[in-house]
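In: Give me a model of this one.
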Amino acid sequence: MPKAKGKTRRQKFGYNVNRKRLNRNARRKAAPRIECSHIRHAWDHAKSVRQNLAEMGLAVDPNKAVPLRKRKVKVMEVDIEERPKELVRKPYVLNDLEAEASLPEKKGNTLSRDLIDYVCYMVENHGEDYKAMARDEKNYYQDTPKQIRNKINVYKRFYPAEWQDFLDSLQKNKMEVE
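Out: Below is the predicted model of the structure:
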């Protein structure tokens, strides 16, 4: 049956709606991405978050998983009810997470190649004379003697073995020249 004439309303463009944010939020709500690959592969979309995490042996709420003892109120041991432990059906997830956590942490922060070259050049040409380093033409950023000293100390702290090798090579070069 046709619509009555004049009853349809013209669609107007919503200028005040941020389409980028709208699409981003729709994507987030539709399927949140689980970052941890171990959990993502064991996830069952038919089950709730609580059920999935309980099967993996993980806690939804850490405050409820590890009960805190209250100091003021003393509870008799008879009153405490033991909650039945939930069955862990996917222990391999927990084992994988523990194995990954036990790996040594890799050092993520490093110094830039420019800073390393700058420090090596300054120490090679000036030794411990920070004032001369500050007057050097390669001091592009016009660092003060203290700033240069701090940069050298940062390099020493980040790469102690390389620093020692560098000093040894400088000593050898001095021996060869003399």
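In: can you tell me which residues contact Thr144?
Out: For Thr144, the contacting residues are Ala134, by Cβ atoms under 8 Å, 6 or more residues apart in numbering. Yep, even glycine has a C-beta here, placed from its N, CA and C like the rest.
In: can I see the domain layout of this structure?
Out: 19-66+86-102, 113-177 (the TED database).
In: Dump those into TSV; add mean pLDDT and distance to Lys5 as well.
Out: Formatted as TSV, the domains of the chain follow (pLDDT from 0 to 100; distance: least, Cβ to Cβ, whole Å):
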stretch	mean pLDDT	distance to Lys5
domain 19-66+86-102	88	33
domain 113-177	93	74
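In: Report the backbone C-alpha coordinates of the longest helix along the chain in PDB.
Out: Looking across the chain with DSSP state H, the single longest helix is helix 160-177. Coordinates of each C-alpha in helix 160-177 appear next as PDB, following Å, rounded to 0.1, in the frame of the first residue of the first chain:
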ATOM      1  CA  PRO A 160      79.200  -0.200  30.300                       C
ATOM      2  CA  ALA A 161      80.900  -3.000  28.300                       C
ATOM      3  CA  GLU A 162      81.200  -0.900  25.100                       C
ATOM      4  CA  TRP A 163      82.400   2.100  27.200                       C
ATOM      5  CA  GLN A 164      85.200   0.000  28.700                       C
ATOM      6  CA  ASP A 165      86.200  -1.300  25.200                       C
ATOM      7  CA  PHE A 166      86.200   2.200  23.900                       C
ATOM      8  CA  LEU A 167      88.500   3.400  26.700                       C
ATOM      9  CA  ASP A 168      90.800   0.400  26.100                       C
ATOM     10  CA  SER A 169      91.100   1.200  22.400                       C
ATOM     11  CA  LEU A 170      91.900   4.800  23.300                       C
ATOM     12  CA  GLN A 171      94.700   3.700  25.600                       C
ATOM     13  CA  LYS A 172      96.100   1.400  22.800                       C
ATOM     14  CA  ASN A 173      96.000   4.300  20.400                       C
ATOM     15  CA  LYS A 174      97.900   6.500  22.800                       C
ATOM     16  CA  MET A 175     100.500   3.800  23.300                       C
ATOM     17  CA  GLU A 176     101.000   3.400  19.500                       C
ATOM     18  CA  VAL A 177     101.400   7.200  19.000                       C
END
